[in-house]
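Colleague: output the structure for:
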Amino acid sequence: MADAGQPRATRIIFFVLGFAAGAWAPMVPFAKARLHLDDRSLGLLLLCVGVGSVVAMPLAGALAGRFGCRRVLVTAAVALASVFPLLALAGSVTLLGAALFLFGAAIGSMDCVINMQAIVVERERARPMMSGFHALFSLGGAGGAGAASGLFGAGAAEWIAAILVSIGVLIATLVAWPGLLARSEDGAGLSFALPHGVVVLIGLFCFVVFLTEGSALDWSAVYMRTVRGSSPGAAGLAYAAFSAAMTGGRLVGDRIVGRVGRRRTVATGAIAAASGLAIATLGPDWPAVVAGYALVGAGCANIVPILFTLTGRQTAMPESAAVASVSVLGYAGILAGPAAIGLVAGMSSLTTALLAVAALLILVGAGSVRLPP
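Modeller: Residues are numbered from 1 along each chain as shown. From the prediction side, this is the model:
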């Protein structure tokens with residue numbers, strides 16, 4: 001019989017992940033000022049987070065497949081809570097880089113393994129739940145950013161805010177602990193495997209959607225300012241619209257998936273996101289950019305949750321190795337995508353680069369017929 005506490009524990013860990021990531025965002029300017037970094041140096045340093053995540057994910061997936069999700073999640077949460085204050089205290093580029101790598105490794109491990117648990121919980125209840133789980137990540141991100149910003153606004157020192165975040169992570173993990181899966185789900189040994197079969201297709205689709213999300217984070221405000229000539233105060237509206245639409249879409253996503261099916265939701269969402277980028281880049285003014293990015297967020301909202309569900313339904317690879325592979329490919333989209341957009345924009349224009357992303361989304365929509373049912 002399924003444990004009634006497992007869905008709650010899964011939601012808590014997704015929220016914790018988003019909260020920690022969101023709380024780090026307002027700390028970035030403090031780190032830049034403390035270490036006297038220019039934009040280029042800061043950008044290279046922030047790559048340490050993604051590298052740590054990509055390195056840790058395959059190991060975390062293998063360990064969870066062998067020992068169960070609970071041990072890996074609790075260990076990673078303790079590591080996250082331990083390293084987070086170092087992000088506020090690191091006094092050198094080397095120390096901050098190491099802390100960011102460990103932070104990324106902890107976040108990536110938890111991200112990979114909680115998706116493994118979410119697959120099991122959803123499967124045991126035989127109804128769509130994944131979009132709701134991922135919505136908690138989005139809500140956690142907003143909560144973490146808001147909480148940290150509020151503390152800074154009230155005059156709290158950076159290290160105090162960081163310690164409070166760490167305490168919150170530990171308390172939330174303790175509350176979730178009874179509902180975390182202690183058993184191995186696939187009986188896999190401690191091994192690594194290159195993605196193959198349909199996992200490659202799922203991973204590539206994740207790459208494109210995460211690339212789209214990364215482009216919205218890194219380039220939407222730039223596009224608003226440099227191409228559409230919006231005011232500095234309005235430049236962030238495109239990403240705000242994207243984030244709000246994505247969160248809202250995930251909150252209702254499980255009902256949508258239950259009614260129209262997974263393949264159709266992926267296809268419709270990908271085409272909607274591509275249309276949103278077309279509106280944003282070809283529309284007449286900056287309000288069109290905001291509206292377009294809202295459509296991008298709504299379209300992308302439920303694609304990644306569905307792709308993780310399908311990762312658990314495929315039989316080409318052991319579940320733990322498949323989830324790790326898909327997670328790595330998704331994070332690769334976040335890492336490489338925004339840089340690739342900058343490269344294409346440098347050779348042609350930012351409009352062309354964003355339309356290229358729209359073309360990739362159309363390919364996702366067309367290829368959705370090859371996904372598992």
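Colleague: gap between residue 250 and residue 326?
Modeller: With distances taken as CB to CB, to the nearest Å, residue 250 is found 18 Å from residue 326. Every C-beta, even on glycine, is put in place using the N, C-alpha and C of the backbone.
Colleague: for this structure, give me the ranges with low pLDDT.
Modeller: Applying pLDDT under 70 to the chain picks out residues 1-2, 184-193, 230-235.
Colleague: domain parsing for it?
Modeller: Residue ranges for the domains of the chain, per automatic domain parsing: 5-179, 198-370.
Colleague: export these to a markdown table and tack on mean neighbour count?
Modeller: Listed next are the domains of the chain as a markdown table, based on neighbours: other CB atoms under 10 Å:
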| stretch | mean neighbour count |
| --- | --- |
| domain 5-179 | 20 |
| domain 198-370 | 21 |
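Colleague: what's near enough to touch residue 239?
Modeller: 216, 217, 220, 221, 293 (CB atoms under 8 Å, 6 or more residues apart in numbering).
Colleague: wait, the last one sits on residue 216?
Modeller: Yes: the criterion here is CB atoms under 8 Å, and residue 293 meets it with residue 216 at 6.1 Å.
Colleague: show me the common contact partners of those two, please.
Modeller: With CB under 8 Å, 6+ apart as the test, residue 293 and residue 216 both reach 238, 239, 242.
Colleague: for residue 29, state which of the residues you listed is nearest.
Modeller: Distance to residue 29 across those (CB to CB) is lowest for residue 239, with 16.7 Å.
Colleague: tell me the SS of that closest one?
Modeller: helix (DSSP: H, G, I helix; E, B strand; the rest coil).
Colleague: could you report the separation of it from residue 208?
Modeller: 19 Å.
Colleague: kindly report the same for residue 74.
Modeller: To residue 208, residue 74 is 33 Å away according to CB to CB.
Colleague: what does residue 236 give?
Modeller: Using CB to CB, one obtains 24 Å as the distance from residue 236 to residue 208.
Colleague: so what's the spatially closest residue to residue 344 that is not a sequence neighbour up against?
Modeller: Counting by CB to CB, 6 or more residues apart in numbering, the nearest residue to residue 344 once its immediate chain neighbours are dropped is residue 353, at 3.9 Å. Going by CB under 8 Å, 6+ apart, residue 353 touches 219, 341, 342, 344, 345.
Colleague: and residue 274, by the same measure?
Modeller: The contact partners of residue 274, by CB under 8 Å, 6+ apart, come to 299, 358, 359, 361, 362, 365.
Colleague: same thing but 6 Å
Modeller: Contacts here follow CB atoms under 6 Å, 6 or more residues apart in numbering; on that basis residue 274 touches 358, 361, 362.
Colleague: for residue 317, state which of those residues is nearest.
Modeller: Checking the contacts of residue 274 one by one against residue 317 (CB to CB), the nearest turns out to be residue 361, at 25.4 Å.
Colleague: which strands and helices lie in contact with the helix ranked longest in the chain?
Modeller: Longest helix in the chain by number of residues (criterion: DSSP state H): helix 93-125. Judged by 3 or more CB pairs under 6 Å, 6 or more residues apart in numbering; DSSP states H and E, helix 93-125 is in contact with helix 5-24, helix 39-67, helix 69-89, helix 130-153, helix 319-347.
Colleague: just send those helices back as a markdown table, with distance to residue 261 too.
Modeller: Shown next, in a markdown table, are the helices and strands packed on helix 93-125 (distance: least, CB to CB, whole Å):
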| stretch | distance to residue 261 |
| --- | --- |
| helix 5-24 | 22 |
| helix 39-67 | 27 |
| helix 69-89 | 28 |
| helix 130-153 | 13 |
| helix 319-347 | 20 |
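Colleague: to residue 269, which of these lies closest?
Modeller: Nearest to residue 269, of all the helices and strands packed on helix 93-125, is helix 130-153, at 10.7 Å by CB to CB.
Colleague: other SSEs contacting the closest one?
Modeller: helix 5-24, helix 93-125, helix 237-251, helix 253-260, helix 303-313.
Colleague: returning to what we had before: with respect to residue 69, which of the shared contacts of residue 293 and residue 216 is nearest?
Modeller: For those, the nearest to residue 69 is residue 242 (30.5 Å; CB to CB).
Colleague: the closest one: what's it in contact with?
Modeller: For residue 242, the contact set (CB under 6 Å, 6+ apart) comprises 216, 293, 296, 297.
Colleague: got the contact list for the residue nearest to it when sequence neighbours are not counted?
Modeller: Nearest residue to residue 242, sequence neighbours excluded (CB to CB, 6+ apart): residue 297, at 3.9 Å. By CB under 6 Å, 6+ apart, residue 297 lies in contact with 242, 245, 246.
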